[in-house]
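In: This is a predicted model, with the sequence first.
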Amino acid sequence: MEYQELIAQAVKTKEFAYVPYSNFRVGAALLTTSGRIYTGCNIENAGFSATNCAERTAVFKAVSEGEREFEAIVINGDNHDYLPPCGVCRQVLAEFCDPDTFQVIFAKNQQDYRIMTLGELLPEAFRPENLKSKKQTETS
Ligand code: THU
């Protein structure tokens, strides 16, 4: 799979980043299995913990429009290296994405990127299945 368009959209959406505190822009582009793309930027807040990362912005936009199945996400930051997703974003991705097949692409630009699966980034994740009670598991 070629991720050129997804990378281009992640880079472009950085222009909307709201980053008065860190001045560090991040853009993300999330690909659904049906082929749609949802972009997201980081949105900071004076109460720092209320800041939303670019990846979560993209996921929440997509889910709030009815999407549930995802194939890949590109992350592009204003740094000079590959930008891996933070732990909270990995957990949010683990709610919806297959650990073995979902591709996380850290892109410096359209030519230079690394790809890892979600499972490599968050092994042994706490997932929806883990909330099933013992009784439910015995009867199913
Ligand atoms: N940030 C992201 O948007 N995604 C990441 O994966 C890492 C961090 C944002 C949050 C904050 O606005 C800024 O980068 C500095 O942490």
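Out: Alright, I've got the coordinates.

In: For Pro84, give its distance to Phe16.
Out: For Pro84, the distance to Phe16 equals 22 Å [C-beta to C-beta, to the nearest Å]. C-beta here means a position set from N, CA and C on the backbone, and glycine is covered the same way.

In: Ok, Gln136 next?
Out: 43 Å.

In: For the two, indicate the residue with more neighbours.
Out: Phe16 (15 against 9; other C-beta atoms under 10 Å).

In: got any ranges where the chain has weak pLDDT?
Out: Across the chain, the ranges flagged by pLDDT under 70 are 1, 137, 139-140.

In: Show me which residues of it are close to the ligand?
Out: 19, 22, 24, 26, 42, 44, 51, 53-55, 75, 85-86, 89 (C-beta under 6 Å from any ligand atom).

In: Helix or strand for the residue sitting nearest the centre point of the chain, just tell me which one.
Out: What sits nearest the mean C-alpha location of the chain, by C-alpha atoms, centre = their mean, is Glu55, with 3.7 Å. Using DSSP states H and E, the element containing Glu55 is helix 54-63.

In: This protein: strands as residue ranges?
Out: Assigned strands in the chain, in chain order: 26-32, 37-41, 70-77, 103-107, 113-117 (criterion: DSSP state E).

In: and the second one, which strands flank it?
Out: Applying DSSP bridges to the sheet, strand 37-41 is found paired with strand 26-32 (antiparallel).

In: can you list contacts of the strand it pairs with?
Out: 6-7, 9-14, 17, 37-42, 53-55, 57-59, 62, 67, 69-78, 83 (C-beta atoms under 8 Å, 6 or more residues apart in numbering).

In: for stretch 50-65, same thing?
Out: 10, 13-14, 17, 21, 26-30, 32, 36, 38-45, 70, 73, 75, 85-86, 88-89, 92-93, 96.
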